[in-house]
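> Quick one, structure for this:
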Amino acid sequence: EYFDNSWTLYETMFGGLKGEEPFYRPPVHGLRHPQIFYYGHTACLYINKLRVAGVLDKPVNAYFESIFEVGVDEMLWDDMHKNDMVWPTVAEVHKYRKEVYETVMEAINNHFSLSDEGVAVDQDHPMWALFMGFEHERIHLETSSVLFRETPLHLVQTPANWPSLHPSARRDTPTSHPKEGIDYPPNTMISVSGTNVDLGKPADFPSYGWDNEYGERRVDVPDFRASEHMITNGEFWHFVADGGYLTKDFWCDDGWAWRKHRNMKWPFFWTPAGPEGSHEYTLRTIFEVISMQWDWPVDVNYYEAKAFCSWKMEKDGSPTSRAYRILTEAEHHLMRPKEHDLVAAREDSAADKVMVTAGANFADGPTGANLNMAYSSHNPVGFFPPSSSGHRDVTGNAWEWTEDHFNPLKGFEIHHVYNDFSTPCFDGKHSMIVGGSFMSTGDEASVFARFHFRPHFLQHSGFRLVASNDEAPATHLSPGSFAGQAAARDEAEEAAPTKDTTSVYETNDLLNMYLGLHFPLSGAKEGIAPILPHENVPAHGLRFPQRVAQLLVSLKPDRTNNRALDIGCGVGGMSFELAKTFGHVEAFDFSESFISAAKEMQRKGNIKFHIPIEADIKAEVQAVHGDGITPDVLEKVNFFAGDACALKEYARDIGSFDGIVMSNLLCRLPDPKACLDGISHVVNQGGVVVMVTPFSWLEEFTPRGKWLGGFNDPVSGEPYHSKDKLQEIMEGNGFEKIHEEEMPLVIREHQRKYQYIISQATGW
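Model (predicted):
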């Protein structure tokens, strides 16, 4: 029954998309997959996790279970690398979901690990993976509902049998200038006495839990004050109308950068109902636009919540010695109804209300709450009775942002069936959210739930004001202000070496290294050999850029326009070698310093650089061109700074080419497939592409989810090799492999230490 309920809720929600366009249309922010991915993703996870657990021995559709396996956790608000793949049709995915449903039902009804007499399923039981699938689908029920809410209104419709909006949604309210006490209630700061809070779900609690819920931590919570209810749309309107979105002083650096990037001037789900500046708004729900409900909690992200706190502090001052802030995880648990808090639930599992209460009944009684889809929208903040502490909507209505980083409890252990559910997000860049929203069901609605999102994210989430005389009892995984968490600006990262790939290639040491690699005759007149002379010198590893260019020429591309393209040209040695036999060469690199050096070698050819000898000892030498690089050859090359992942976009401007080289670049790109897919747009019929790469994948350059290979299948354990995926992509783009060889190169670190690399060179 629980499986049917989870599955049917998800299917019902997707009935809210009108036609096929919204299945494939990316969200407006461009940071997530289109909905067709999420329609297939939850079904895929059932199969993959049941296979890992040993319940199933084969896939339902191996291809679908590959493309639908990994979702998106966008790193920053301007991370615009989207998945450009051609997705299956809606009909194909719907058919796949039906096949998965039958497979899971067969396992539930007939698998030997379950018996007619009943069996306790704990974390060691293979069917723990089944419950994992249930709760995973319920997470995506909520997160996809936010994507539905972000979808243009003409592309959605309220599905049949969908829970109704809260009755207050039908009120006719003013579009602007809400008044306290009329359109929204006053928001009193209520004192809470401090005490210890014990976090963590008992290992033997009779419900499914995600790995981060288990473990323990005792938090000493000082006295604090918290607003009676979450900040309402009415309260937030005054922040908007007072220029809160346009005043930089209210925002942390990351928040202000996000606001400018998105050009935000009011909350995302507010719909302008008049000219800009009139501050007239209506409100977007999941499937409708309704009159603005000023007494509903405002939906904002962490940055917006913290900006409001700063504005409120400037306007009214704090009732304590410290500035306004938002809640912490431990403080939240002191405000929950005593009948359903952590202490009560540990004593009696029925006190975890979601264990015994259906959504249709969740709003009833003295501890009623807008959880478990009691309604399909928010409710007025004064609708439900207050909790034991006097606060309203501590559970349900909207998630609440906290000051805590998402963090593991003491004794945290990953579960082998889903070993990367939580750990990638223990990074100091995910904010915890507490309490659940109207769309939270299952484990999300549990008192033990511990969820999180990045601070720029929307998730039916609001906040309440908190003030205290003590430091917030929050858990941070990195030092410094939590406001600087998102864009590598906190104190720890300022002091540490950066991993920003835009600057990796801008250091002098690396520029010197590449000048030595591309111009191997450099140092000869100064008496410095490219490799310290000794027996069996690996001289065959020198002149690597020149050998790559010569390989392209030897493969005899058809000469249609006699043009060549050097993708990732570095400091230009390969480009100049190509220009000896091609009439024109376009060459680009992501590094501005590399391009500047290449242009200097083109103009004057007298760059001086340093060759490392020993420790701090370096020798200054002059960069020297190789044989045959005449002024006429140099003039044939056009250098520019560019992004190999945007090759498709450059096609109209740079034209097409008979020969293309890309050397030791593929495994340094943030999206290698985007680059490979762009090559077919710039190569002439009969042209040749030479690809040289050592497949040295590193997460500092390429997100793991974008690697072509170098990892094992999470289910079968079989290795995925990059060269096989490269061949699959190239052949899929219409190329035929005509050549393959191993190509060594030597890079000097100092006179007694060298990198010896064996790249795979292929011709297409």
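> Leu9 contacts Gly442, correct?
No: the pair Leu9 / Gly442 is not scored as a contact, 9.9 Å apart, by C-beta atoms under 8 Å. (Glycine included, C-beta is placed from N, CA and C.)
> any idea of the pLDDT on Gly484?
We have a pLDDT of 38 for Gly484.
> now do Ala651
87.
> Give me the secondary structure label for it.
Assigned state for Ala651: helix (three-state reduction, DSSP: H, G, I helix; E, B strand; the rest coil).
> Grab the nearest non-local neighbour of it.
His681 (4.2 Å; C-beta to C-beta, 6 or more residues apart in numbering).
> pretty sure the one you found contacts Arg652?
No: in this structure, His681 is not within contact of Arg652 by C-beta under 8 Å, at 9.1 Å.
> show me where the stretch 101-250 of the chain has strands.
With DSSP state E, counting those that start in this stretch as the criterion, the stretch 101-250 of the chain has strands at 189-192, 195-199, 217-221, 224-227.
> Indicate which one of those strands is closest to Gly118.
Closest approach to Gly118 among the strands of the stretch 101-250 of the chain (C-beta to C-beta): strand 195-199, 31.1 Å.
> buried residues in the closest one?
Buried residues in strand 195-199, defined by neighbour count with 16 or more other C-beta atoms under 10 Å: Val197, Leu199.
> packing partners for it?
Packing contacts for strand 195-199, counted by 3 or more C-beta pairs under 8 Å, 6 or more residues apart in numbering; DSSP states H and E, involve strand 217-221, helix 329-335, helix 342-347.
> which one of His681 and Arg652 has more residues nearby?
His681 (14 against 9; other C-beta atoms under 10 Å).
> re earlier: which one of the helices and strands packed on strand 195-199 lies closest to Arg32?
The closest of the helices and strands packed on strand 195-199 to Arg32 is helix 329-335. By C-beta to C-beta, the value is 25.9 Å.
> List the contacts of the closest one.
Outside helix 329-335, the residues within contact range by C-beta atoms under 8 Å, 6 or more residues apart in numbering are 192, 194-195, 197, 199, 219, 221, 224, 226, 341-342, 387, 389, 391, 394, 400, 402, 404, 432, 434-435, 450, 466, 473-475.
> hmm, back to that, for Leu9 and Gly442, indicate the residue with more neighbours.
Higher neighbour count among Leu9 and Gly442: Gly442, with 24 against 19, using other C-beta under 10 Å.
> what's Ser376 in contact with, if anything?
Contact analysis of Ser376 by C-beta under 8 Å, 6+ apart lists Trp162, Pro163, Ser164, Leu165, Thr285, Ile286, Phe438, Met439.
> Would you point out the most distant pair within those?
The largest separation in the contacts of Ser376, counting by C-beta to C-beta, is between Ser164 and Met439 at 13.7 Å.
> Between those two, tell me which one has more neighbours.
Met439 (30 against 12).
> how much space is there between the closest residue to Ser437 other than its chain neighbours and Ala398?
Closest residue to Ser437 apart from its sequence neighbours, by C-beta to C-beta, 6+ apart: His460 at 3.8 Å. According to C-beta to C-beta, to the nearest Å, His460 stands 6 Å off from Ala398.
> what do those two both touch?
Common contacts of His460 and Ala398, defined by C-beta under 8 Å, 6+ apart, comprise Asp299, His378, Ser437, Phe438.
> residue contacts, the closest residue to the second one other than its chain neighbours?
Excluding its sequence neighbours, the residue lying closest to His378 (C-beta to C-beta, 6+ apart) is Trp296, at 4.2 Å. Contact partners of Trp296, counting by C-beta under 8 Å, 6+ apart, are Ser168, Thr232, Asn233, Leu283, Ser377, His378, Asn379, Pro380, Val381.
> JSON lines for those residues, including pLDDT and distance to Trp270?
Listed next are those as JSON lines, based on pLDDT from 0 to 100; distance: C-beta to C-beta, whole Å:
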{"residue": "Ser168", "pLDDT": "98", "distance to Trp270": "17"}
{"residue": "Thr232", "pLDDT": "98", "distance to Trp270": "13"}
{"residue": "Asn233", "pLDDT": "98", "distance to Trp270": "8"}
{"residue": "Leu283", "pLDDT": "98", "distance to Trp270": "6"}
{"residue": "Ser377", "pLDDT": "98", "distance to Trp270": "15"}
{"residue": "His378", "pLDDT": "98", "distance to Trp270": "13"}
{"residue": "Asn379", "pLDDT": "98", "distance to Trp270": "18"}
{"residue": "Pro380", "pLDDT": "98", "distance to Trp270": "17"}
{"residue": "Val381", "pLDDT": "98", "distance to Trp270": "17"}
